[in-house]
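[1] Provide a 3D model corresponding to the input given below.
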Amino acid sequence: MVDLVRRFFQLEAASGIILFFTALLALVFANSPWSDLYRSFLDMPFQLRVGTFNLDKTLLLWVNDGLMAIFFLLVGMEIKREMIDGSLSNLQQASLPVFAAIGGMVAPAFIYYVTIAGNSALMPGWAIPMATDIAFALGVLSLLGQRVPLGLKIFLLALAIIDDLGAILVIALFYTEQLHTEPLIFAFALSALLLMFNRSGVKKLTLYLLIGGFLWIAVLKSGIHATIAGVIVGFAIPHHGSRSLLTRLEHELHPWSSYFILPFFAFVNAGLSFEGISWKLLSDGLPLAIMAGLILGKPIGVMLISYLSVKLKFASLPQGVTWSHVFGLSLLCGIGFTMSIFISGLAFGLESQSFELSRLGILAGSFFAAILGFIYLRWWNHSPVLMNKE
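    Sure, this is the predicted structure:
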């Protein structure tokens, strides 16, 4: 488990740096003389047509609906693996990150709701500050080296996986506007077929991916966000032992997700134009609510619920981890970049002014959360690091 976490940590740390630079590049392009070229690139049409079947989307939508479905496939496999033989496989290991993740989702949503003061037009964005960007958070932790214990990194991985599961449920339950019966029935039938493959011990990856492709189309047409199909396929992939089909596919997809899918998502979604936007807008209802949720809500929720769960003996701190470490980690959990932008697009639409303002809040909130978490763990945290033995 320790070796697996170290390999995963190294990979995600590197991807966090790449993610930062692609987001920065998007901001540069969106505010340069090439901004029209950048916008034309995002609006480039791509069409998939077979007979009477037709999918016609812009590049931006293909990335958000298509490439991100592959990312969610990886998320689904990670959750399943951790539930079977990882950090979520028993109550003792899973209890603290579960409680922390729940607190880290509820508190930001509550603070967002209080901050917007009942503005119904902004209500759909309540889930935006709930998410934690694992790549960025791990990237910041990697800069701290031996100043943080391995147990804290494992804790972050488990918390982020549960956080992703919560985001998946939120997307499925609250960001589905209108359901279409026939594609939904077809999606249920394909999901049942994938489950039957799993139960029957089918180990042909091409079958899972082929059915998964049809499932993606069915879910897309049903009105549920298409990325949910990736999660379903991820849970259907068989996992028995270290050389399972799930482990092999997860290993193959990790570089693609870390070094291409997430950076490309950042490049096409982080290009906020600052034209006509002043920093005074940060005090506007929507950016302020998101920033408050990320900078205040995340640490309050993660820290408070973690502390209560340990004091009530529902959970225990990982080896070598102190409350000072947990507080620093709770600050880093306010980095909500990737999933927050994704949910923002679902909440307000990619062409709306609210989406532009929400991106401003997400970028500012995530930046300050990263800086605060790094400074605290680097200079203000004086807890001794107990190195875990392998």
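[2] And for the residue positioned nearest the centre of the chain, nearest residue in space, chain neighbours not counted?
    The residue lying closest to the centre of the chain (Cα atoms, centre = their mean) is residue 339, at 4.1 Å. Nearest residue to residue 339, sequence neighbours excluded (Cβ to Cβ, 6 or more residues apart in numbering): residue 131, at 3.4 Å. (C-beta placed from N, C-alpha, C; glycine too.)
[3] how close does the residue nearest to the centre of the chain sit to residue 100?
    Distance from residue 339 to residue 100, counting by Cβ to Cβ, to the nearest Å: 17 Å.
[4] Next: residue 196.
    Distance from residue 196 to residue 100, by Cβ to Cβ: 36 Å.
[5] higher neighbour count, the two?
    Comparing residue 196 with residue 100 by neighbour count (other Cβ atoms under 10 Å), the higher total belongs to residue 100, at 29 against 11.
[6] Report the contact partners of the more buried one.
    Residue 100 sits next to 155, 159, 302, 305, 306, 309, 330 when contact means Cβ atoms under 8 Å, 6 or more residues apart in numbering.
[7] Residue 90: neighbouring residues, count only.
    For residue 90, the neighbour count with other Cβ under 10 Å is 10.
[8] Outside of the helix or strand encompassing residue 62 itself, list whatever touches it.
    Using DSSP states H and E, residue 62 maps to helix 59-62. For helix 59-62, contacts defined as Cβ under 8 Å, 6+ apart pick out 41, 42, 43, 44, 45, 46, 268, 269, 350.
[9] for that helix, the distance to its chain's centre please.
    Centroid separation between helix 59-62 and its chain, computed with Cα atoms, centre = their mean, to the nearest Å, is 18 Å.
[10] hang on, the earlier thing: what pLDDT does the residue nearest to residue 339 get?
    Per-residue confidence at residue 131 stands at 86 (pLDDT).
[11] isn't it right next to residue 165, touching?
    No - using Cβ atoms under 8 Å, residue 131 is not in contact with residue 165, being 11.4 Å away.
[12] Which one of those two is surrounded by more residues?
    residue 131 (30 against 20).
[13] can you pull the contacts of the more buried one?
    Residue 131 is in contact with 163, 164, 167, 336, 338, 339, 340, 342, 343, counting by Cβ under 8 Å, 6+ apart.
[14] hmm, 7 Å instead?
    Residues near residue 131 by Cβ atoms under 7 Å, 6 or more residues apart in numbering: 163, 167, 336, 339, 340, 343.
[15] Among those, name the ones in helices.
    Among the contacts of residue 131, DSSP state H puts 163, 167, 339, 340, 343 in helices.
[16] could I get these as TSV with pLDDT?
    As requested, these are exported to TSV (pLDDT from 0 to 100):
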residue	pLDDT
163	87
167	86
339	87
340	92
343	93
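[17] surely residue 94 meets residue 84?
    No - Residue 94 is beyond contact range of residue 84, at 11.9 Å (criterion: Cβ atoms under 7 Å).
[18] Of the two, which one has the most company?
    With neighbours defined as other Cβ under 10 Å, residue 94 and residue 84 compare such that residue 94 has more, 19 against 14.
[19] Neighbours of residue 82, how many?
    If we define neighbours as other Cβ under 10 Å, then residue 82 has 20 of them.
[20] ok, now which ones touch it?
    Residue 82 sits next to 88, 158, 161 when contact means Cβ under 7 Å, 6+ apart.
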